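Enquirer: Sharing a model prediction with you, sequence too.
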Amino acid sequence: MKIYDVEIPDDLEIPELSEKDIAELEALREEIKRDRQEQAARLAKSPFKDFQFGCASITTVELPPPTVNVEAMRKMPPRLRAIFVYAHRDHITY
């Protein structure tokens, strides 16, 4: 298994999550999504929505691609590793 093209060693225990754990993670994901939508709606209604800070220029910096630190994963409890893998499931390849 790879996450962000980083090979996860076979000896790294990643247990299955229970249906209850998955339901809790999905509920949290939906809550975060709802909070972001509410924040965007509040900003759209704000009288300051078009306010721009007085800076000379704004530069953008290209961020490096995400990666995974396998040694840090080894230090995590197995259940936390399982949650990490579940949260990044869209970026797993085999």
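Expert: Thanks, I have it.

Enquirer: Where is the longest helix in this protein?
Expert: As assigned by DSSP state H, the longest helix anywhere in the chain is helix 19-45.

Enquirer: can you tell me the average pLDDT over that helix?
Expert: Taken as a whole, helix 19-45 has an average pLDDT of 95.

Enquirer: which other helices and strands contact that helix?
Expert: Contacts of helix 19-45 with other secondary structure elements, assessed using 3 or more CB pairs under 8 Å, 6 or more residues apart in numbering; DSSP states H and E, are made with helix 78-87. C-betas here are computed from N, CA, C, even on glycine.

Enquirer: Tell me the buried residues in the helix it packs on?
Expert: Using 16 or more other CB atoms under 10 Å as the burial criterion, the residues of helix 78-87 that qualify are 81-86.

Enquirer: how about TSV for those, with distance to E19 and pLDDT added?
Expert: As requested, the buried residues of helix 78-87 are exported to TSV (distance: CB to CB, whole Å; pLDDT from 0 to 100):
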residue	distance to E19	pLDDT
R81	18	97
A82	13	97
I83	14	97
F84	18	96
V85	16	96
Y86	12	96
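
Enquirer: Tell me the one of the residues you listed nearest V61?
Expert: F84 (26.1 Å; CB to CB).

Enquirer: Backbone torsions only: list them for the closest residue to V85 other than its chain neighbours.
Expert: Counting by CB to CB, 6 or more residues apart in numbering, the nearest residue to V85 once its immediate chain neighbours are dropped is I14, at 5.4 Å. Taking degrees, to the nearest 10, you get phi -130, psi 100 for the backbone angles of I14.

Enquirer: Pull the distance from stretch 78-91 to the chain's centre.
Expert: Between the mean C-alpha location of stretch 78-91 and the chain-wide mean there is a distance of 10 Å, by CA atoms, centre = their mean, to the nearest Å.

Enquirer: For that stretch, give me every contacting residue.
Expert: Stretch 78-91 has contacts (CB atoms under 8 Å, 6 or more residues apart in numbering) with 3-4, 8, 12-17, 21-22, 25, 66, 68, 73, 76, 92.
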